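[1] Got a predicted model here, sequence first, then my questions.
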Protein chains: 2
Amino acid sequence: MSKPIDFYFDFSSPYGYLASTQIEALAAKHNRAINWHPILLGAVFKVTGSQPLLSYPLKGDYAEHDFNRTAREKNIPYSMPDPFPVGTVALCRATYWAMEHDKSAVSSLAVPLIHAAYSAYYTNNRNIGEPETVMEIVKEVGLDADACAAACGTPEIKDRLRAANDTAIERGVFGSPMIFVDDEPFWGSDRLTQIDTWLERGGW
Amino acid sequence: MSKPIDFYFDFSSPYGYLASTQIEALAAKHNRAINWHPILLGAVFKVTGSQPLLSYPLKGDYAEHDFNRTAREKNIPYSMPDPFPVGTVALCRATYWAMEHDKSAVSSLAVPLIHAAYSAYYTNNRNIGEPETVMEIVKEVGLDADACAAACGTPEIKDRLRAANDTAIERGVFGSPMIFVDDEPFWGSDRLTQIDTWLERGGW
């Protein structure tokens, strides 16, 4: 099997959510796995000098319209959450814990956690910025919320998230989602068709 | 015939150029004409607080890579011009003159001028920011360069460009290309497939 596709995303990013519902089928079609990399766009924006999308005049209005339109086009359940955006430090830490340290299941529950958290925010307006809500979702997917909460306070997990942000920036990640096929970067949920073509042709 | 598609673009925008080579075939497929609206992104950026794309760390590097990649994917001739970006006030004014005032040809030479100018910049590295180069291209497509140069200094043509920028901002244009199908806005050369689907389905 070829190298997994690297999927960098911020849990608060609507385009990250939209792409997260499509990327697995696309990867499977080309016999690829996914490596999921939750990051904090806030850390990235310190380097790029960018602001949250909706804070830009004109562009923000378009984006809010486009989130809904793209979701409807692809039949992806979606409603704009409030508050938006939210900080997702706790959720990112919980996800890295689930990826690397949870021993409660035979196969990792990290990917179900990612989908459950995105869905909680973008279809049920649950505030994934709140650590309590994160731990509820952790529990709902069958993970040990107490073990997770304890681990998320440790320097090891804190460093894990920091390292993920740093690596993302080193690789040139400036937005969400940012998808690497081998080392080829693609930015945006609207590039999935281009990624499909890239994988089909083996690049160009 | 349905309402023409409104194509807003900055002559200095690579994605505007890439889309300009594709939009006519797409429009024709759906029995639509194109209304071309050259604008100055500089005027738009004063409202949105944005900067030229390549000035953003990380994002700028990606964009430069992506211009070439997207051109190769679609077999569009492309090379990164230098200097980049350039101011295109003279070229925009010449284009509006050609659209609305030139009487030298039976059918308008404004669209050939648009394609010739984009091609001059993105395939021959001619500096379309220089009024002399603009007038050379005006002449090459068969327009009266002297009449054009004289007209471009008049308040009427200056106002025409200002009005185009103002209207663009009123309609929510914040980047290039920005394409309106009826009143539905689509941003970016990577949305042509979505526009195709929109036109096919009659929206959703």
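    Right, received. Where do you want to start? Numbering: from 1, shown residues only, chains lettered A, B, ... in the order given.
[2] Endpoints of stretch A:68-84, how far apart?
    15 Å (Cα to Cα, to the nearest Å).
[3] Same question for stretch A:94-109.
    Taking Cα to Cα as the measure, stretch A:94-109 stretches 11 Å from start to finish.
[4] same question, stretch A:27-36
    Stretch A:27-36: ends 12 Å apart by Cα to Cα.
[5] What of stretch A:40-58?
    Stretch A:40-58 has an end-to-end distance of 24 Å (Cα to Cα).
[6] go on, stretch A:178-198?
    15 Å.
[7] Any idea how far that stretch is from the middle of the chain?
    15 Å (Cα atoms, centre = their mean, to the nearest Å).
[8] what's the answer for stretch A:52-69, then?
    On Cα atoms, centre = their mean, the centre of stretch A:52-69 falls 19 Å from the chain's centre.
[9] what comes into contact with it?
    With contacts defined as Cβ atoms under 8 Å, 6 or more residues apart in numbering or on different chains, stretch A:52-69 is touched by A:14-15, A:18, A:41, A:45, A:78, A:80, A:84-85, B:44, B:47-50, B:169, B:172-175, B:185, B:187, B:204. The C-beta positions use only the backbone N, C-alpha and C, and glycine is treated the same way.
[10] What's the PyMOL line that selects buried ones from those?
    Burial among these is assessed by 16 or more other Cβ atoms under 10 Å in any protein chain shown; the matching PyMOL selection reads:
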select buried, (chain A and resi 14+15+18+41+78+84+85) or (chain B and resi 44+48+50+169+172+173+174+175+185+187)
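[11] Show me the contacts of stretch A:52-69 that map onto strands.
    Of the positions in the contacts of stretch A:52-69, B:185, B:187 sit in strands, assigned by DSSP state E.
[12] Enumerate the positions of the biggest helix by length in chain A that are buried.
    Of all segments of type helix in chain A, defined using DSSP state H, the longest is helix A:155-171. Across helix A:155-171, burial judged by 16+ other Cβ under 10 Å covers A:157, A:160, A:161, A:164, A:165, A:168, A:169.
[13] Helix or strand with the lowest mean pLDDT in chain A?
    The weakest-scoring helix or strand in chain A, judged by mean pLDDT, DSSP states H and E, is helix A:41-48 (a mean of 94).
[14] helices or strands up against that one?
    Using 3 or more Cβ pairs under 8 Å, 6 or more residues apart in numbering or on different chains; DSSP states H and E, the elements in contact with helix A:41-48 are helix A:155-171.
[15] Could you look up the SS state of residue A:6?
    Look at residue A:6: counting by DSSP: H, G, I helix; E, B strand; the rest coil, its state is strand.
[16] check which helix or strand covers the closest residue to it other than its chain neighbours.
    Spatial nearest neighbour of residue A:6, chain neighbours left out: residue A:180 (4.0 Å); criterion: Cβ to Cβ, 6 or more residues apart in numbering or on different chains. Per DSSP states H and E: residue A:180 is located in strand A:178-181.
[17] Just to check, residue A:134 is in contact with residue A:90?
    Yes: the criterion here is Cβ atoms under 8 Å, and residue A:134 meets it with residue A:90 at 4.8 Å.
[18] between those two, which one's more packed in?
    residue A:134 (29 against 23; other Cβ atoms under 10 Å in any protein chain shown).
[19] Chain B versus the more buried one, what's the distance?
    Distance, residue A:134 to chain B, using Cβ to the nearest Cβ, to the nearest Å: 28 Å.
[20] ok, now residue A:147?
    36 Å.
[21] for residue A:194, same thing?
    Using Cβ to the nearest Cβ, residue A:194 is found at 7 Å from chain B.
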